[in-house]
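S.K.: Below: sequence and its predicted model.
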Amino acid sequence: MPIDLNEHLRQKNKNYKPQNDNNSGNGNNGNNRNKGFQNYPKMPSFNLPSGKKMATLYALIILIALLFLLKPFTIINSGEVGVKITTGEFDPTPLQPGIHFFIPGIQKIIPVNTKVRIAEFTSSETQNFRNIDEGSIRDKAISVLDSRGLSVSVELAVQYRLDPLGVPQTIATWGQNWEERIIIPVIREIVRNVVGSFPAEELPTKRNEIATLIDQRFRENINNLENRPVQLESIQLTEIVLPIAIKEQIERVQVARQEAERARYEVERAKQEAEKQAALAKGAADATIIQADAQAKANRIISQSLSNSLLQLRQIEVQGKFNEALQNNRDAKIFLTPGGSTPNIWLDSKDTQRSSSAGQ
């Protein structure tokens, strides 16, 4: 029980006996006692709460301590949903972001990340890690045997997310390590099946086809699961690591193809040049033929326009010119063509240069 301080002081004052000098007597005992009470210091009085109020205060303190120790509430952040479990039974309705209370020892709430998660399979020297809370998983590259038994390493990244509405059923069915059962082993098996059906030397050229097949088969596998717990965002095929022998073989094939392409280009270029020269020659020949045809046509027109009277007139004109020339140069030699069918020709014997004159 709480101690009443005032009552304690009163009892102490009653039992107090002051010490007297040698001159003390019966008559002075009362006065000395009174003086002793007057000289005794008075203690301040305290107004302490009663027993019921103290009990209430203690209960409140205990309740606050239990709230901090047991923490019967959970805060669900944005990008998460909560799964409430009551005596082992999962509540099918997910809890939305906010604060949610539960009964400790009977209930508990599990926050589950519903943001986009990444599972990366890589052979880089960076140490493999798994950060489930942040939604990142890094695992070793997938080792595959091609159609001829050669070892190939495949690197890829898978982006996916949980269906927020089906999270309670997913956790109840697959557990909190659902990625180890739905994502990791499935993607490894699909990659091995797809890549293993191709020979290693064809993998670089059929990269897009392989990525499409992996995406299709993984989506089919997820969609066939009950309640479709996972939504696939994308699959990126980042790298196909081939054996050194296959790399060298592919490089040799590429070099040979480049040489063949260069030779084919040279042949095509020579062919085009030959066709160009042939076209030019044909054009020149055609021009010559056209010119000859035009000349022949002109000659036919001219020949058709000639008559005996016109020829005689031309002959007279030419003869007149020769006569004028003889007047100026008597040493000239003149050759006359009988009948006047061809032009007359004259030569100056004093001049070493040859001159000719034609008349039509």
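M.R.: Cool, got the structure.
S.K.: can you map out the helices along the chain?
M.R.: With helices called from DSSP state H, the chain shows them at 5-14, 26-39, 51-70, 167-174, 179-182, 184-195, 207-223, 244-305, 308-328.
S.K.: where does the protein dip in pLDDT?
M.R.: Filtered on pLDDT under 70, the chain yields the residue ranges 1-50, 125-134, 304-307, 309-311, 313, 326, 329-360.
S.K.: Would you map out the domains in it?
M.R.: 73-112, 114-242 (the TED database).
S.K.: Quick check: which of those domains is nearest to K282?
M.R.: Closest of those to K282 is domain 114-242, at 44.0 Å (criterion: C-beta to C-beta). (Glycine included, C-beta is placed from N, CA and C.)
S.K.: what about the closest residue to S153 other than its chain neighbours, how many neighbours?
M.R.: In space, and not counting its chain neighbours, S153 is closest to V241: 3.9 Å by C-beta to C-beta, 6 or more residues apart in numbering. By other C-beta atoms under 10 Å, 14 other residues sit near V241.
S.K.: for V241, what are its contacts?
M.R.: When contacts are counted by C-beta atoms under 8 Å, 6 or more residues apart in numbering, V241 is found next to 123, 141, 152-155.
S.K.: and of the helices of the chain, who's closest to I137?
M.R.: helix 179-182 (6.6 Å).
S.K.: Give me the buried positions along that closest one.
M.R.: Neighbour-count burial for helix 179-182, with 16 or more other C-beta atoms under 10 Å as criterion, is recorded at 179, 182.
S.K.: Does anything pack onto that helix? Which helices or strands?
M.R.: Of the remaining helices and strands, none touches helix 179-182 by 3 or more C-beta pairs under 8 Å, 6 or more residues apart in numbering; DSSP states H and E.
S.K.: From the rest of the structure, what touches it?
M.R.: Under C-beta under 8 Å, 6+ apart, the answer for helix 179-182 is 117, 119, 132, 137, 174-175, 222, 225, 229-230.
S.K.: Considering the residues you listed, which possesses the most neighbours?
M.R.: Per-residue neighbour counts (other C-beta under 10 Å) across the contacts of helix 179-182 peak at V230, which has 24 neighbours.
S.K.: hang on, isn't it packed against I222?
M.R.: Yes. Between V230 and I222 there is a contact under C-beta atoms under 8 Å: 5.2 Å.
S.K.: about what we covered before: would you list the contacts of V241 in JSON lines and tack on distance to R257 and neighbour count?
M.R.: Listed next are the contacts of V241 as JSON lines, based on distance: C-beta to C-beta, whole Å; neighbours: other C-beta atoms under 10 Å:
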{"residue": "S123", "distance to R257": "29", "neighbour count": "14"}
{"residue": "A141", "distance to R257": "29", "neighbour count": "20"}
{"residue": "V152", "distance to R257": "22", "neighbour count": "22"}
{"residue": "S153", "distance to R257": "25", "neighbour count": "18"}
{"residue": "V154", "distance to R257": "25", "neighbour count": "23"}
{"residue": "E155", "distance to R257": "26", "neighbour count": "18"}
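S.K.: now those in a markdown table, with distance to T74?
M.R.: What follows is these, written out as a markdown table (distance: C-beta to C-beta, whole Å):
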| residue | distance to T74 |
| --- | --- |
| S123 | 40 |
| A141 | 38 |
| V152 | 46 |
| S153 | 43 |
| V154 | 40 |
| E155 | 38 |
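S.K.: one step back: so which of the helices of the chain gets nearest L95?
M.R.: Among the helices of the chain, helix 167-174 comes nearest to L95, with 9.3 Å by C-beta to C-beta.
S.K.: Can you give me every residue that contacts the residue nearest the centre of the chain?
M.R.: Centroid-nearest residue in the chain: Q236, 7.9 Å away (criterion: C-alpha atoms, centre = their mean). By C-beta under 8 Å, 6+ apart, the residues touching Q236 are 156-157, 159, 211.
S.K.: From R207, how far off is it?
M.R.: The gap separating Q236 from R207 is 11 Å, by C-beta to C-beta, to the nearest Å.
S.K.: swap in E201?
M.R.: Applying C-beta to C-beta to E201 and R207 gives a distance of 13 Å.
S.K.: go on, G88?
M.R.: G88 is 48 Å from R207, by C-beta to C-beta.
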